[in-house]
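>>> need a structure here:
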Amino acid sequence: MRRYAEPVRVRRGEVRGWLTERCPQQFLWRERLWVVRSVLAHWVETDPWWERRETRAVLGSEEPGGAGAPAAVLTIDRLLGEQECWRVEARRAGESGVFDLTCEAEGECWSLVACAD
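Numbers count the residues shown, from 1 in each chain. As a prediction, the model looks like this:
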């Protein structure tokens, strides 16, 4: 799979075989609309909290917020942020592929992080 970190627009809905309306049903990537045919996997990942500037500041290895910036407040929710991950098979106009999509658990900010087409 090729790795990416590109924003995508996602419409959630029902996908055959899944009992939730929260599945990515279609997504717009590089101005192309892809329709999800099946969800291959779904999991939740914890953000890499150890890489955050705020964590390094708490540990004393970096100034909070950097030079001249206000100190960020590090809450447990922010520290242990999670993202939903979906591996889907999608199609568009004669093409198909397997895509990994991620979404921050608290929002609707989606990214395409991997693709095998």
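>>> Contacts for stretch 110-117, please.
With contacts defined as CB atoms under 8 Å, 6 or more residues apart in numbering, stretch 110-117 is touched by 1-10, 24, 27, 29, 85, 95-103. For glycine as for every other residue, the C-beta is placed from the backbone atoms N, C-alpha and C.
>>> pLDDT averaged over that stretch - what is it?
In this model, stretch 110-117 has an average pLDDT of 95.
>>> Check which residues of that stretch are buried.
110-115 (16 or more other CB atoms under 10 Å).
>>> which residues touch the residue positioned nearest the centre of the chain?
By CA atoms, centre = their mean, the chain has its centre lying nearest to T102, at 2.1 Å. For T102, the contact set (CB under 8 Å, 6+ apart) comprises 45, 83-86, 110-111, 113.
>>> could I have the longest strand belonging to the chain exported to CSV, CA atoms only?
Assignment by DSSP state E gives strand 32-46 as the longest strand of the chain. What follows is strand 32-46, C-alpha atoms only, in CSV (Å, rounded to 0.1, in the frame of the first residue of the first chain):
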residue,chain,number,x,y,z
ARG,A,32,-12.9,12.1,-7.7
LEU,A,33,-15.9,10.5,-6.0
TRP,A,34,-15.3,6.9,-4.7
VAL,A,35,-18.2,4.8,-3.6
VAL,A,36,-17.5,2.3,-0.8
ARG,A,37,-18.6,-1.3,-1.8
SER,A,38,-17.4,-3.0,1.4
VAL,A,39,-15.8,-2.3,4.8
LEU,A,40,-12.8,-4.7,5.2
ALA,A,41,-11.8,-3.6,8.7
HIS,A,42,-12.6,-1.0,11.4
TRP,A,43,-10.4,-0.2,14.4
VAL,A,44,-9.5,2.7,16.8
GLU,A,45,-6.0,3.9,17.3
THR,A,46,-4.6,6.2,20.0
